Structure formats: C-alpha cells, structure tokens
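Okay, sequence plus prediction incoming.
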Amino acid sequence: MAKKKSKIQTPDWILKGGEDEKPKKKKGKTFKVRRCPECNSDDVGVVIGEIGLWECRKCKWKGTKVNEEELDEDEFMKYLDDKGEDVA
C-alpha cells in the first residue's frame, strides 16, 4: 500500500493576515522627517537635476536612501520644540 501524504499546514502569518509583516499605521495626521544615514541630520534635500539623489547639507553625504521617520502630531510638535523652531 502507498503511504498517505500528510496535509500541508498553513503558516501562522497567513492565518493572522500578515499583521506582523505590515508596519503599524499611526492614526490621525502624520508627518515625515527625513534624516541623513551618515550624521542623522534632518537637513537633507533633493539634488536638483539628479533623479532620486539626496544630499545632506551638514556632512555633504549624497545617496539615494535617506532614513524616513513617520511622526504623529504630538511627536512632531515635540520634535519642533526640541529643534528650537517657533510653533504658532
């Protein structure tokens, strides 16, 4: 007689709907802060004339991957206060 094959079990992450894989979205208004991967400065900007190239104005790093942080409104206001920006 042939040996009966066992059934394949569905992985837990599929049963949960992939919730562990997705980053948690913050509720309400969110703000993105981009930072330099070298010096962690937030003084980065797009290089004009180059597609997808970023530059840090502090340490002069250039590259395509900047660190991006998503903040909710309270975290963003604290970030601005710590930075010394005037908030109206």
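Looks like it came in fine. If you're wondering where the values come from, they're calculated on a predicted model, not measured in any experiment.

is it fair to say K5 lies in a helix?
No - looking at K5 with DSSP: H, G, I helix; E, B strand; the rest coil, it is coil, so not inside a helix.

all helices of the protein, in order?
If DSSP state H is used as the criterion, the helices of the chain fall at 12-15, 73-83.

Pick the most deeply packed of these.
Mean neighbour count (mean count of other CB atoms under 10 Å) peaks for helix 73-83 among the helices of the chain, with a mean of 12. In this view, the C-beta of every residue, glycine as well, is placed from N, C-alpha and C.

which secondary structure elements does that one contact?
Contact partners of helix 73-83 among helices and strands, from 3 or more CB pairs under 8 Å, 6 or more residues apart in numbering; DSSP states H and E: strand 30-35.

just to revisit the earlier point, worst mean pLDDT among the helices of the chain?
Of all those, helix 12-15 carries the lowest average pLDDT, namely a mean of 77.
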